[in-house]
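[1] Sequence first, predicted model second:
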Amino acid sequence: MVKEFKEFAVKGNMIDMAVGIIIGAAFGKIVSSLVNDIIMPPLGKLLGNVNFTDLYYAMDGVAYESLAKAKEAGAPVFAYGNFIQTVIDFLIIAITIFMIIKGINRMKRKKEEAPAAPPAPTKEETLLTEIRDILKNK
């Protein structure tokens, strides 16, 4: 059983999948940073100096100074600003993955569409062709 697991673990597909997961996790952090640090601040500035991380609705009806204070007080909150940022994260990742898959599929289609070279004639076909040509010339 250990031997079977070892064979499974060292197969190329398992290692490829592990590398993909690690790169995907790192890519997710990059996209989160892109959204939180690059995209949302100017968008918030355009919308009247809105900080999306501070957008929330306290369901207990009390007005808190910030989302952190509301959470600290134990108030139930809809943190819709964080939700908006997460949706933007998801959209960027989804579009990026779509473009990568689209490129991979295009490369696969080009390989499949390339016509295969005709097979070389067999010895019998070559011999029959020679006989046909000799008979034609007589």
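    Nice, I can see it.
[2] Just the buried positions in whatever helix or strand Ile101 lives in, please.
    Under the criterion of DSSP states H and E, Ile101 resides in helix 80-113. For helix 80-113, burial by neighbour count (16 or more other Cβ atoms under 10 Å) applies to Gly81, Asn82, Ile84, Gln85, Ile88, Asp89, Ile92, Ile93. Every C-beta, even on glycine, is put in place using the N, C-alpha and C of the backbone.
[3] what's the helix or strand for Met17?
    Short version, using DSSP H and E: Met17 is in helix 12-33.
[4] List the neighbours of that helix that are in contact with it.
    Phe8, Asp89, Ile92, Ile93, Thr96 (Cβ atoms under 8 Å, 6 or more residues apart in numbering).
[5] what two of those have the greatest distance between them?
    Of all pairs drawn from the contacts of helix 12-33, the one with the longest distance (Cβ to Cβ) is Phe8 and Ile92, at 34.2 Å.
[6] any idea how far Pro41 is from Lys136?
    From Lys136 over to Pro41 the distance is 83 Å, taken as Cβ to Cβ, to the nearest Å.
[7] nope, Ala116 is what I was after
    In this view, Ala116 and Pro41 are 55 Å apart by Cβ to Cβ.
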